[in-house]
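**Student:** Sequence first, predicted model second:
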2 protein chains.
Amino acid sequence: MRQLPATIASKLYGAAELIAERGITEAKMDDIAAASGIPRATLYYYFTGKDEILAFLLTDMLEAIAGEVAAAVGTPGTARERLEAAVHAQIAVMLDQPAACRALVGDLGRATRLPELAHALQEAFQRPIEQLLDEGAADGSLQVQPHPEDASLAIFGAITVAGLYHAVEDTRPSAEQIAKRVLAVLMQGLAG
Amino acid sequence: MRQLPATIASKLYGAAELIAERGITEAKMDDIAAASGIPRATLYYYFTGKDEILAFLLTDMLEAIAGEVAAAVGTPGTARERLEAAVHAQIAVMLDQPAACRALVGDLGRATRLPELAHALQEAFQRPIEQLLDEGAADGSLQVQPHPEDASLAIFGAITVAGLYHAVEDTRPSAEQIAKRVLAVLMQGLAG
DNA sequence: TTTGGTTTGTACTCAAAGTACAACATAGAC
DNA sequence: GTCTATGTTGTACTTTGAGTACAAACCAAA
């Protein structure tokens, strides 16, 4: 995939809705060209094929999430406050591009190989969160986690599924609402 | 899709690994036939196409999860104990068919329309869990949840992502291990 | 042994992904 | 200005594989 001009990148989001609606298989290259306003030949000039278009959307979103999460983690405050900020950040990014989210859940396997995704996720999300859990254990704002990898995975899952669900359904509460509710469960726990 | 003989259904799982590895697009109908030992023409006799094969794997797994979860929920004990049992049950089902899980995350959109999945999930998982949360609030074993829908979504997400992650990676702890760790976070919460 | 569903092989059609390539546009370099 | 690189796009072509058609064989039960 060639270095992508910003104009093209932004136009592509115009096709995300289409891909989300039909799935990448039913969204023909001609349709994507029409929906994005980028001629078919140009698409093939920049991308090796359909899958790479999806891959672009995915990495774009992962980078956005990674960036926002990193920013939130780098903020001053207790580990707990920063964790809350990170959760808000991820949900905000997802709800910012609901169509891309829907397109991606539907066709994840065509955007990336799953083990690579797992790896990218670790870098973008798990690692910073694990660090936060560590720091929280130190500053007392969070509990000590015997298995921080699994804890961060559970956190990521809770956020992501909640975000995706609200991106798929259109009954969309604000990002703040969702984050608040997910955090309520994650922070307080379920036990009575 | 015609009523499927058990012999065919079971053979299909033999193709799940292939589909997981290559993705449904790269797994050609001929390959699926070869991998499952079901002749191509027979596949087309029972299924309208590739997607329906995937749909079969999905509904099969959802039914298994729904069944096990329902059983766990129907058990005697406090709501909390039953919730823990339900979590164990879901993870056990997922790790029982890791290949099908991987195949499905990769190509969810070809197995079902996403809104329908959201709906099926509500029936199979969210509803029983919400009920459990209610009962837990009543018997004191679980906290009162102001937004049980979102709470059950977060629970589902935490479990599912943890399960999928371990199904994709091959560093597979036992279902019990995973369930225990996810539950530790969910029950105790993160706050210090 | 006949009838109706199941199972399977073979041959065919057709949509669309991807490729090839030429024409045109644009912008620095000289 | 004109030359040259690279970017942009239209058009025509190739190829792959999904799905279909259909007939032959196979059962199982009436």
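**Tutor:** Right, received. Where do you want to start?
**Student:** Count the neighbours of the spatially closest residue to residue A:29 that is not a sequence neighbour for me.
**Tutor:** Distances taken as CB to CB, 6 or more residues apart in numbering or on different chains place residue A:40 nearest to residue A:29, at 5.8 Å, with adjacent residues excluded. C-beta here means a position set from N, CA and C on the backbone, and glycine is covered the same way. As a burial measure, residue A:40 scores 14 neighbours (other CB atoms under 10 Å in any protein chain shown).
**Student:** I'd say residue A:40 and residue A:30 touch.
**Tutor:** Yes: using CB atoms under 8 Å, residue A:40 is in contact with residue A:30, at 6.2 Å.
**Student:** what mean pLDDT does the helix or strand containing residue A:109 have?
**Tutor:** Following DSSP states H and E, one finds residue A:109 within helix A:108-111. Helix A:108-111 carries an average pLDDT of 97.
**Student:** could I have that helix exported to PDB, CA atoms only?
**Tutor:** Provided in PDB are the C-alpha atoms of helix A:108-111 (Å, rounded to 0.1, in the frame of the first residue of the first chain):
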ATOM      1  CA  LEU A 108     -12.100  -8.500  10.900                       C
ATOM      2  CA  GLY A 109     -10.400 -11.500   9.300                       C
ATOM      3  CA  ARG A 110     -10.100  -9.600   6.000                       C
ATOM      4  CA  ALA A 111      -8.600  -6.600   7.600                       C
END
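**Student:** and it with DNA strand D, contact?
**Tutor:** No: Helix A:108-111 lies apart from DNA strand D when judged by CB under 7 Å from any atom of the strand; the minimum separation is 13.7 Å.
**Student:** what does that helix rub up against?
**Tutor:** The contact list for helix A:108-111 (CB atoms under 8 Å, 6 or more residues apart in numbering or on different chains) reads A:24, A:50-51, A:54-55, A:57-58, A:104, A:114, A:117, B:23-25, B:105-108.
**Student:** Please state the offset of the host helix or strand of residue A:84 from the chain centre?
**Tutor:** Taking DSSP H and E as the definition, residue A:84 sits inside helix A:79-96. How far helix A:79-96 lies from its chain's middle: 11 Å, per CA atoms, centre = their mean, to the nearest Å.
**Student:** cool, and stretch A:73-86?
**Tutor:** Offset of stretch A:73-86 from its chain centre (CA atoms, centre = their mean): 19 Å.
**Student:** tell me what the longest helix along chain A is packed against?
**Tutor:** Criterion DSSP state H: the longest helix present in chain A is helix A:50-74. Helix A:50-74 is packed against helix A:6-22, helix A:29-36, helix A:79-96, helix A:98-106, helix A:108-111, helix A:114-121, helix A:127-139, with contacts defined by 3 or more CB pairs under 8 Å, 6 or more residues apart in numbering or on different chains; DSSP states H and E.
**Student:** Rebuild the ones you listed as CSV, extending it with mean neighbour count.
**Tutor:** Output for the helices and strands packed on helix A:50-74, formatted as CSV (neighbours: other CB atoms under 10 Å in any protein chain shown):
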stretch, mean neighbour count
helix A:6-22, 17
helix A:29-36, 16
helix A:79-96, 22
helix A:98-106, 24
helix A:108-111, 25
helix A:114-121, 16
helix A:127-139, 19
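**Student:** Against the centre of chain A, work out the most remote residue.
**Tutor:** residue A:192 (31.9 Å; CA atoms, centre = their mean).
**Student:** Please tell me I have it right and that residue contacts residue B:145.
**Tutor:** No: counting by CB under 8 Å, residue A:192 does not reach residue B:145; the two are 10.6 Å apart.
**Student:** Spell out which residues are contacts of both of these two.
**Tutor:** Counting by CB under 8 Å, 6+ apart, the shared contacts of residue A:192 and residue B:145 are residue B:137.
**Student:** Would you mind naming what in chain A lies close to DNA strand D?
**Tutor:** Applying CB under 7 Å from any atom of the strand, we find that chain A lies next to DNA strand D at A:2, A:3, A:5, A:8, A:38, A:39, A:40, A:41, A:42, A:45, A:46.
**Student:** Quick check: the two most widely separated of these?
**Tutor:** A:3 and A:40 (19.9 Å; CB to CB).
**Student:** Poorly predicted segments of chain A, please.
**Tutor:** Chain A contains no residues with pLDDT under 70.
**Student:** which residues are contacting stretch A:173-183?
**Tutor:** Residues contacting stretch A:173-183 (CB under 8 Å, 6+ apart): A:84, A:87-88, A:91-92, A:94-95, A:158-159, A:162-163, A:166, B:146-147, B:150-151, B:154.
**Student:** could you dump that stretch to PDB, C-alpha only?
**Tutor:** Extracted C-alpha coordinates of stretch A:173-183, given in PDB (Å, rounded to 0.1, in the frame of the first residue of the first chain):
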ATOM      1  CA  PRO A 173     -26.100   6.800  24.400                       C
ATOM      2  CA  SER A 174     -23.200   9.300  24.500                       C
ATOM      3  CA  ALA A 175     -19.700   8.000  24.900                       C
ATOM      4  CA  GLU A 176     -19.700   9.500  28.400                       C
ATOM      5  CA  GLN A 177     -22.800   7.600  29.400                       C
ATOM      6  CA  ILE A 178     -21.400   4.300  28.100                       C
ATOM      7  CA  ALA A 179     -18.000   4.800  29.700                       C
ATOM      8  CA  LYS A 180     -19.600   5.800  33.000                       C
ATOM      9  CA  ARG A 181     -21.700   2.700  33.000                       C
ATOM     10  CA  VAL A 182     -19.000   0.300  32.000                       C
ATOM     11  CA  LEU A 183     -16.600   1.900  34.500                       C
END
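**Student:** Based on its surroundings, how many neighbours for residue A:63?
**Tutor:** Neighbour tally, residue A:63, other CB under 10 Å: 13.
**Student:** Tell me how far the closest residue to it other than its chain neighbours lies from residue B:160.
**Tutor:** Counting by CB to CB, 6+ apart, the nearest residue to residue A:63 once its immediate chain neighbours are dropped is residue A:124, at 7.8 Å. Taking CB to CB, to the nearest Å as the measure, residue A:124 falls 19 Å from residue B:160.
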